[in-house]
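Asks: Prediction below, plus the sequence it came from.
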Amino acid sequence: MNDDPAHIVEAAFRFYRSQDREAALPLYADDFTFTSPQDDHIDKAMFFERCFPTADRFKEQRTLRVTPADRELVFVYYEYELATGERHRNVEAITVREGLIREVQVFFGGKV
């Protein structure tokens, strides 16, 4: 697989949306942490148990921008529509080092 951080992040989003856990798992470092307004530095196991299986909540999810900030940090700006019809936009700051996702920080946006 291409070890470009933006490419790895885009693949992780594709695997999340298709719920392909087996393809997604190798993209994440063993010491991975995930933080959002609802989760505080949860580990890889908890992320795949609690967060990864949530794609069915979305009617649609569109990636608006994937922007590398430096050699390791990628910002992803996306919009999604929930099954309820509500639309939101979020930003994720994702650290990729040595070809693996090390950290994800999610910043929730408001309704669109």
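Replies: Received it, and whenever you're ready, just let me know what you need.
Asks: C-alpha only now, for contacts and for neighbours.
Replies: Fine.
Asks: Pass me the low-pLDDT residue ranges in this structure, would you?
Replies: Applying pLDDT under 70 to the chain flags the ranges 1.
Asks: Give me the neighbour count for Leu100.
Replies: As a burial measure, Leu100 scores 20 neighbours (other Cα atoms under 10 Å).
Asks: now Ala83
Replies: 12.
Asks: which residues sit in contact with it?
Replies: The contact partners of Ala83, by Cα atoms under 8 Å, 6 or more residues apart in numbering, come to 57-59.
Asks: Please apply the same query to Gly85.
Replies: Lys59.
Asks: so when I look at it, I'm seeing a strand, right?
Replies: No: under DSSP: H, G, I helix; E, B strand; the rest coil, Gly85 falls outside any strand and is assigned coil.
Asks: Phi and psi next, for it.
Replies: Dihedral pair for Gly85: phi 100, psi -10, per degrees, to the nearest 10.
Asks: How much space separates it from Pro53?
Replies: 20 Å (Cα to Cα, to the nearest Å).
Asks: rewinding a little: just the closest of the contacts of Ala83 to Pro68, please.
Replies: For the contacts of Ala83, the residue nearest Pro68 by Cα to Cα is Phe58; the value is 25.5 Å.
Asks: Show me the strands in the protein, by range?
Replies: 28-36, 39-43, 58-68, 73-82, 87-97, 100-111 (DSSP state E).
Asks: who wins for proximity to Asp3 among these?
Replies: So among the strands of the chain, strand 100-111 is nearest, using Cα to Cα, at 8.2 Å.
Asks: for the chain, what's the longest helix?
Replies: helix 5-18 (DSSP state H).
Asks: Contacts made by that helix with the rest, please.
Replies: Contacts for helix 5-18 (Cα under 8 Å, 6+ apart): 2, 21, 23-24, 27, 52-53, 55, 61, 66-68, 71-74, 94, 96-97, 99-101.
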